[in-house]
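1. Let me see the structure of the following:
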Amino acid sequence: MIQLQTDKGGISVSSAVFTNIVGMAASNCFGVKGMAVRSMTDGLVHLLRKEAMGKGVLVSFHEDNSVSIDLHIIVDHGVNLTAVAESIISEVRYVVEKTTETKVRTVNVFIDSMLLGA
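-> This next block holds a predicted model:
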C-alpha cells in the first residue's frame, strides 16, 4: 500500500488498485492476449478473464513510495516479443505514474505463453 500526504490530508492506495491499473494497461497493448497465471495443481499456464486480470500482476512497494511491477502475460502468435514487451513496459509505467502519481522503479514482463489462432 502507498501512503501519500497532500495539503488536504492523506491518501492510501491499496495493492488491488495497482494490480487492476497494471492489468488494464497491459491488456490494452497490441499483441497481448491477456494476463496469465500458472496453476499450482497442474503447472499449466491459464489465460485470465478480464475481471481477474490482476492475478497476473505482482506489485512490490518500496520505502520511498515507489513500486516495482512483475506481470505475466500471454501473447498472440506471430508478434515480435521484444516489441510487445517494450510497449507494455512503456504503457504500464506511463499509466501507473499518471493515475497514481507514484514512481515506477521497474516493470518486468514475463511472457508465459503464446496462443495460436484467433
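
2. switch to C-alpha atoms for all contacts and neighbour counts from now on
-> Will do.

3. Mind jotting down where the strands sit in the protein?
-> 2-6, 9-13, 32-38, 45-47, 57-61, 66-76, 103-115 (DSSP state E).

4. Reformat those as CSV; add mean pLDDT and distance to residue 92.
-> Shown next, in CSV, are the strands of the chain (pLDDT from 0 to 100; distance: least, Cα to Cα, whole Å):
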stretch, mean pLDDT, distance to residue 92
strand 2-6, 80, 17
strand 9-13, 87, 17
strand 32-38, 86, 13
strand 45-47, 79, 19
strand 57-61, 93, 11
strand 66-76, 94, 9
strand 103-115, 94, 8
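
5. looking at the ones you listed, which is closest to residue 89?
-> Ranking these by their distance to residue 89 (criterion: Cα to Cα) puts strand 103-115 first, at 5.7 Å.

6. name the helices or strands packed onto the closest one?
-> The contact analysis (3 or more Cα pairs under 8 Å, 6 or more residues apart in numbering; DSSP states H and E) places strand 103-115 against strand 66-76, helix 81-100.

7. Take the strands of the chain and lay them out in a markdown table including mean neighbour count and distance to residue 96.
-> Listed next are the strands of the chain as a markdown table, based on neighbours: other Cα atoms under 10 Å; distance: least, Cα to Cα, whole Å:
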| stretch | mean neighbour count | distance to residue 96 |
| --- | --- | --- |
| strand 2-6 | 12 | 12 |
| strand 9-13 | 10 | 12 |
| strand 32-38 | 22 | 17 |
| strand 45-47 | 18 | 23 |
| strand 57-61 | 18 | 11 |
| strand 66-76 | 21 | 10 |
| strand 103-115 | 16 | 7 |
